[in-house]
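Trainee: Quick one: sequence and predicted model below, then my questions.
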Amino acid sequence: MALRHLGLRDFVIVDALELALGEGFTALTGETGAGKSILIDALQLLLGDRADALYVREGQPRCELSAEFDPPPPAAAWLDDNGFDVGADALLLRRTIDRNGKSRAWINGSPATMAQLRELGDLLVDIHGQHAWQSLTRPAAVRSLLDAYGGIDTAPLTEAWQAWRHAEVALAEARAAQATLTEERDRLSWQLGEIDKLAPAVGEWDELNARHDRLSHAQALAEAAQAAAEVLDVDDTGVLAQLAMAEQKLAALAHIEPEFTAIVDVLASSTATARDAAHSLHAYLRHAEPDPQALARLDERLSGWHALARRFRRPPEELPTLQEQWRTELALLQARADLQALETQAAQARSRYMAAADAVSRQRRQAGPRLAMEVTQAMQGLGMEGGRFEVALQPGEPAAHGVEQVQFLVAGHAGASARPIERVASGGELSRIALAIAVTTSRLGEAGTLVFDEVDAGVGGAVASTVGRLLRQLGQDRQVLCVTHLPQVAACADQHWRVAKLTSPGGATSSVTPLAAEERVAEIARMLGAQAGSDAGRAHAVEMLQAGAAVPAPAARGRTRSRERA
């Protein structure tokens, strides 16, 4: 569950780079400006950071970034939930940025949004920058760190808070608008009373008009039916008699002319159909008397529809829909006007929120001392012997995150009082505390790759050796990448990559090279400040590498040589 491959093209000063990464702890070293942090920038962009045209190498239309990961189980579930391909044995991220700063991204070959990259990135990589201590001064970041450490799910708390706020808003609006609500409710009630008197039914308008048309034309309809019936069935000259005569004449000779048989069948069918029509006409005529009273009732009903339609300025056929709409609006107004019910709902919502907040508070009180103990232990090996880390929960106003504020307190040495972390004066202490917290909390995350970008700034000597050992130990379970200037840290790495940059008339050329044993000795000696070829420097470097190797580490995966051009 780690980063396998990182590819860059036309990125900042990089012409082309293809870098394969191994497991365990990998150190990236090199002179300042060689391009070490560019790799971290590229990885952050692949994980959803904001794009900028400045990332595109000068003179090129766009830059391209790509990364291949072993897909961890949480990422596979996320891919499935978001409609991305999950069948491959690798997770592929790709992003392009053009010279105008416009960006496009893909996940396993399918287009993706930056929000999706960020969500997925949280499951893949955990990045700790050299200014990580700054986030420790922000209440939201501190609270999120404690909640993540304690495995605290605050989603139910947030939902309860939102429900409570909505209930309070509804209650406040109802209280402020009681007079208006009463007037509006009375108006709707009167309008509904008027329309309920008519009680228009769905579809009734069309039916009324159809019936009115029939009754108003009753005489003409009866005369037409009578005339048609006489044509069909009158003495021996009607259509029925003539059809029957034609059928008989042909039937009598059908034994001579077989073709008559089919014609006789057609005539028989026509006769039956005409006879049915005649019966239907006679039946219609028995009930086709004009009904002036029924017509008058229909006229009155239609007049009622027209009158209401004019009053409410709606087409008559919309009256049933209007009636239902007003009933719904009246029910809502009555609910809003029911202050007692709204007060009860707000009280219940507050109770549910307070129960959820109390549950979160209990979990935070349990997680705080555990986090404090682990960070305090890590501080002892980072040059802060006797130092102490505390997690303080201060009562606060109810909010979406709960009813307390979370604050980190630090005592830099034995006997010192714990103070808020932002009041710790030493930058070195801030960096070491941030590193202690990062190491403590990184063991708990799901991300398969941990990235430390010069988090060892401000430390040295034995403390730097401790940092290296901590990172190597982390590499036993996770893939760890660290950009460092400290030889003590680099000496503890399972793999060591050197980033170098050369300038020539054709431009600057950088290389990222995996170091073999002898090359690694030379690089550590350089980082120690030894002169090239110095026996003392080489001896010191060998000693540091032997000490770093004493920390158990997993078997490293194969590494490949990479080139970077600027």
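Mentor: Now that the structure is in, tell me what you want to look at.

Trainee: only C-alpha atoms for contact and neighbour calcs from this point on.
Mentor: Will do.

Trainee: OK, contacts around the nearest residue to V521 once chain neighbours are set aside?
Mentor: In space, and not counting its chain neighbours, V521 is closest to A541: 5.6 Å by C-alpha to C-alpha, 6 or more residues apart in numbering. Counting by C-alpha atoms under 8 Å, 6 or more residues apart in numbering, A541 makes contact with 521-522, 524-525, 528.

Trainee: switch the cut-off to 6 Å
Mentor: Contacts for A541 (C-alpha atoms under 6 Å, 6 or more residues apart in numbering) come out as 521, 524-525.

Trainee: again, but for E168
Mentor: A346.

Trainee: Is it correct that it falls within a strand?
Mentor: No: assigned with DSSP: H, G, I helix; E, B strand; the rest coil, E168 falls outside any strand and is helix.

Trainee: just how off-centre is stretch 392-401 within its chain?
Mentor: Distance of stretch 392-401 from its chain centroid, counting by C-alpha atoms, centre = their mean, to the nearest Å, is 27 Å.

Trainee: Same check on stretch 3-11?
Mentor: Mean-position distance between stretch 3-11 and its chain equals 27 Å (C-alpha atoms, centre = their mean).

Trainee: now swap in stretch 261-274 and tell me
Mentor: That offset, for stretch 261-274, works out to 72 Å (C-alpha atoms, centre = their mean).

Trainee: quick one: buried residues of that stretch?
Mentor: Using 16 or more other C-alpha atoms under 10 Å as the test for burial, stretch 261-274 gives 261, 263-264, 267-268, 271, 274.

Trainee: which one of those is nearest A547?
Mentor: Closest approach to A547 among those (C-alpha to C-alpha): A274, at 113.4 Å.

Trainee: looking at this, that closest one is in a helix?
Mentor: Yes: counting by three-state DSSP, one finds A274 located in a helix.

Trainee: give the contact list for it.
Mentor: Counting by C-alpha under 6 Å, 6+ apart, A274 has no contacts.

Trainee: Roughly how far does it sit from L232?
Mentor: 7 Å (C-alpha to C-alpha, to the nearest Å).

Trainee: Check H413 too.
Mentor: The spacing between H413 and L232, counted by C-alpha to C-alpha, is 119 Å.

Trainee: Most neighbours among the contacts of A541, which one?
Mentor: I524 (27 neighbours; other C-alpha atoms under 10 Å).

Trainee: Tell me the buried residues in the helix or strand harbouring that one?
Mentor: Under the criterion DSSP states H and E, the helix or strand holding I524 is helix 517-528. By 16+ other C-alpha under 10 Å, the buried positions in helix 517-528 come out as 520-528.

Trainee: Save the residues you listed as a markdown table, and put in pLDDT and distance to L21 too.
Mentor: Below are the buried residues of helix 517-528 laid out as a markdown table (pLDDT from 0 to 100; distance: C-alpha to C-alpha, whole Å):
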| residue | pLDDT | distance to L21 |
| --- | --- | --- |
| R520 | 92 | 17 |
| V521 | 91 | 21 |
| A522 | 89 | 22 |
| E523 | 90 | 19 |
| I524 | 91 | 20 |
| A525 | 90 | 24 |
| R526 | 89 | 24 |
| M527 | 88 | 22 |
| L528 | 87 | 26 |
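
Trainee: partner residues bridging the nearest residue to P514 once chain neighbours are set aside?
Mentor: The spatially closest residue to P514, leaving aside those adjacent along the chain, is W497, at 4.5 Å (C-alpha to C-alpha, 6+ apart). Note on W497: beta-bridge partners by DSSP bridges are L28, P514.

Trainee: Would you mind measuring from R187 to R311?
Mentor: Applying C-alpha to C-alpha to R187 and R311 gives a distance of 14 Å.

Trainee: more neighbours, those two?
Mentor: Between R187 and R311, counted using other C-alpha under 10 Å, the more crowded position is R187 (13 against 9).

Trainee: Is that one in a helix, a strand, or coil?
Mentor: Under three-state DSSP, R187 comes out as helix.

Trainee: what about it, distance to E329?
Mentor: Relative to E329, and taking C-alpha to C-alpha, R187 is found at 11 Å.

Trainee: circling back to that earlier point, among the contacts of A541, which one sits closest to A418?
Mentor: Nearest to A418, judged by C-alpha to C-alpha, of the contacts of A541 is I524 at 38.0 Å.

Trainee: can you name the two of the buried residues of stretch 261-274 that are farthest apart?
Mentor: T261 and A274 (20.0 Å).

Trainee: show me what contacts A309?
Mentor: So A309 contacts 315-316 (C-alpha under 6 Å, 6+ apart).

Trainee: Tell me which helix or strand it sits in.
Mentor: A309 belongs to helix 292-312, assigned by DSSP H and E.

Trainee: longest strand of this structure?
Mentor: strand 388-399 (DSSP state E).

Trainee: Parallel or antiparallel, which strands does it pair with?
Mentor: Short version: by DSSP bridges, strand 388-399 pairs with strand 402-411 (antiparallel).

Trainee: Now do the partner strand: everything it contacts.
Mentor: With C-alpha under 6 Å, 6+ apart, strand 402-411 has contacts from 143, 357, 387-397, 417-421.

Trainee: Parallel or antiparallel, which strands does the next helix or strand after that strand pair with?
Mentor: Going down the chain from strand 402-411, the next helix or strand is strand 419-420, by DSSP H and E. Applying DSSP bridges, strand 419-420 is found paired with strand 402-411 (antiparallel).

Trainee: Right, I'll call it a day here.
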